[in-house]
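# Fold the following.
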Amino acid sequence: RRSSDLTVNPLVTCGHCRFCRAGRDNLCETRQILSMPPREGAFAGLLAVPARNLTPVPEGISPVAAALTEPLACGWHAVGLAERALELPLAEARCLVIGGGAIGLGAALVLRARGAAEIWLAEPSGPRRDIAAAEGGIRTFDPTGPGTGPGGVDLVIDGVGFGATRAAASAALRPGGAMVHIGLGDAGPGLDIRRATLQELTFIGSYTYTAQEFRDTAAALFAGGLGGLGWVRTMPLAEGAAAFASIAGGGEAAPKIALLPDG
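Numbers count the residues shown, from 1 in each chain. Here you go, the predicted model:
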């Protein structure tokens, strides 16, 4: 098959440790990520990938859309963890997602697909708020502005992962609420441990996704269940350095940039 006919799960696992056998292969004791040591080189012309990490892409699905399976699968896994932790169904839950990048927006789209009662997204960038709001079913607000948020929520998904966002998540939760932490911004403080204890808040770390969740995300994406996916900015591969600089500078409006091979 042509490379455009496949989407790649970059999480390589052993398949036989206790976590892999239990279907929690994202916690594999020897897990590796394509593009990170010892499997660096994902921008190379050729890359060796285990066959089990490949998911066929139906005709009519663009390579750019198929490439979104990975970030959207992070949200798929996080929402699944939240569903198991919440004391009420998502259909009755007020949810807050912190961050309007690909991870945060993806989590909001998964919440919408799974029927969450109310979805709020906190994002300081006006263009990113507009992109999320245009998806429909997602209420956006500027967390740096006064009194514009949703108030108490049952679930927070932190797609940023800095001390300030952990503090905001802790403060936003209703008693008995759950916080799912995807972002890896820093390892500093921020979580209000005292309030978490007194209000019996649940904190859940969420890392990547299982192989089955990757396939489930792909199926939902290919069926149109996660929206039109028109929020990606495409750039030629030759401009990759500029794309990374735009993201690192904090001024990139698009939640995701896809680099297209030259020619």
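
# what about the helices in the chain?
18-21, 63-67, 69-85, 102-113, 126-134, 163-172, 193-198, 211-222, 240-248 (DSSP state H).

# Give me the residue ranges of the stretch 151-263 of the chain where confidence is low.
Applying pLDDT under 70 to the stretch 151-263 of the chain flags residues 263.

# one step back: out of the helices of the chain, indicate the one that is most buried.
helix 102-113 (a mean of 27; mean count of other Cβ atoms under 10 Å). (Each C-beta comes from the backbone N, C-alpha and C, glycine too.)

# contacts for it?
68, 71-72, 74-76, 78-79, 90, 95, 97-98, 119, 121, 123, 128, 131-132, 135-138, 157, 159-160, 182-183, 220, 225-227, 231, 255-256 (Cβ atoms under 8 Å, 6 or more residues apart in numbering).

# Stretch 20-28 too?
11, 13-15, 17, 19, 31, 77, 207-212.

# ends of that stretch, how far apart?
Taking Cα to Cα, to the nearest Å as the measure, stretch 20-28 stretches 6 Å from start to finish.

# picking up where we left off before, may I see the helices of the chain organised as TSV, with distance to Leu46 added?
Shown next, in TSV, are those (distance: least, Cβ to Cβ, whole Å):
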stretch	distance to Leu46
helix 18-21	27
helix 63-67	17
helix 69-85	20
helix 102-113	26
helix 126-134	34
helix 163-172	39
helix 193-198	48
helix 211-222	22
helix 240-248	18
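
# Nearest approach to Pro143 belongs to which of the ones you listed?
Pro143 lies closest to helix 163-172 among these, at 6.5 Å (Cβ to Cβ).

# tell me how far that closest one is from the chain's mean position?
18 Å (Cα atoms, centre = their mean, to the nearest Å).

# Now do the same contact list for Glu239.
Counted by Cβ under 8 Å, 6+ apart, Glu239 has contacts Leu259.

# Quick check: it vs Leu46, distance?
Glu239 is 22 Å from Leu46, where distance means Cβ to Cβ, to the nearest Å.

# ok, now Trp120?
From Trp120 to Leu46 the distance is 44 Å (Cβ to Cβ).

# is it true that Ala42 touches Ala48?
No. Counting by Cβ atoms under 8 Å, Ala42 stays clear of Ala48, with 11.0 Å between them.

# Who has more neighbours out of the two?
Ala42 (13 against 8; other Cβ atoms under 10 Å).

# Great, nothing more from me.
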